[in-house]
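Visitor: Task: produce atomic coordinates for the following.
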Amino acid sequence: MKQQLLISNKVEIYTESFGDSKDPAVLLIMGAMSSLDWWDEKFCKRLAEQGRFVIRYDHRDLGMSTVYEPGTSNYTITDLADDAIGVLDAYSIEKAHIAGMSLGGMLGQIIAVKYPERIHSLTIIASSVFGKAQAELPQMDQRILAYHAKSAAIDWSDSASSIAYLAGGWETLSGSKPFEKKRMYQLAEKEYNRSRQIQSRFNYIFLGGGEEYLDRMGEISVPAVIIHGTEDPALSIEHGQALAKAIPHAEFVKLEGTGHEIHIEDWDTVIEWIIKVSSNY
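Guide: Prediction:
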């Protein structure tokens, strides 16, 4: 693994890469309020072993990238898509395969429309349509919102309670597959210890913008695969199904019993599809 803190759009973006830079590049884009740590290092290495140059990175307000004062709004969803392209620029990558989780999947849609010349393929995991139709689809399980309402009472200087809160957040997103408590706590500890300012993650509550890219999934022409769990409590499977219909020729992969997560039991399937769709160019 190689680490690089780079400047993209006048902000610092922390990145890590795996594998041979001469191999086809796969840029992994994580969801809102989630650092690069949630693309498990072992997952990244396993993907790289399949002949891919894998890059993961911290969004703004997360991990070791630029952070802003908690409770402020300093960027739009389009800025985050531009940050992803900035990462490719910094690595001198002309064209890459994009794999996005949740918000990362929506960023992938914007990138595919705004920068079609920079993308070979698109893998979208546990995400939804970036469009008005999203409001008509089933809404997030209220238990998730109730859990995060407790965040105001967290003493973020206390590592034990903070890590427990971060790991517990993923438990609210799990499906019927066994909750990976040990792994989630390990990743939460990594995220907490690496963060410049952990509370800044909540600035994603104010994220907006991107109106000019709404409902333009029909313009996406690259090979695409939509991967979605059948028991996703944040974005139900109907979100993935709607997205698969909206992107021309997209394939749809259903993960039985999986929630809003990249469960270790699904790693082989997810990697298999990233490799498959990234071989069709």
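
Visitor: Let me see the ranges of the helices in this protein.
Guide: Applying DSSP state H to the chain gives helices spanning 41-48, 77-90, 103-114, 142-148, 159-171, 181-194, 237-246, 267-277.

Visitor: Of these, which stretch is the most buried?
Guide: Most buried of the helices of the chain by mean neighbour count (mean count of other CB atoms under 10 Å) is helix 103-114; its value is a mean of 25. Glycine gets a C-beta too; all of them are placed from N, C-alpha and C.

Visitor: chain center to that one, what's the gap?
Guide: 11 Å (CA atoms, centre = their mean, to the nearest Å).

Visitor: name the helices or strands packed onto it?
Guide: When contacts are defined as 3 or more CB pairs under 8 Å, 6 or more residues apart in numbering; DSSP states H and E, helix 103-114 packs onto strand 25-29, helix 77-90, strand 96-101, strand 119-125.

Visitor: any idea of the mean pLDDT for that helix?
Guide: Across helix 103-114, the average pLDDT comes to 98.

Visitor: Return the backbone torsion pair for the residue most central in space within the chain.
Guide: Of all residues in the chain, the one closest to the mean position by CA atoms, centre = their mean is residue 30, 1.9 Å from it. Dihedral angles of residue 30 (phi, psi; degrees, to the nearest 10) stand at phi -80, psi 170.

Visitor: List the residues that contact residue 23.
Guide: 48, 51, 52, 53 (CB atoms under 8 Å, 6 or more residues apart in numbering).

Visitor: What is the nearest of these to residue 125?
Guide: Closest approach to residue 125 among the contacts of residue 23 (CB to CB): residue 52, at 15.9 Å.

Visitor: ok, so what distance separates the residue lying closest to residue 166 once chain neighbours are set aside from residue 37?
Guide: Among residues not flanking residue 166 along the chain, residue 188 sits closest, at 3.8 Å (CB to CB, 6 or more residues apart in numbering). Here the criterion is CB to CB, to the nearest Å. By it, residue 188 lies 8 Å from residue 37.

Visitor: cool, residue 25 as well?
Guide: 20 Å.

Visitor: Stretch 223-233: end-to-end distance?
Guide: 27 Å (CA to CA, to the nearest Å).

Visitor: Revised request: answer the last question for stretch 220-233.
Guide: 27 Å.

Visitor: In it, which residues are buried?
Guide: Of the residues in stretch 220-233, 220, 222, 223, 224, 225, 226, 227, 228, 229, 231, 232, 233 count as buried by neighbour count, 16 or more other CB atoms under 10 Å.

Visitor: Which single one of those is nearest to residue 210?
Guide: residue 220 (14.9 Å).
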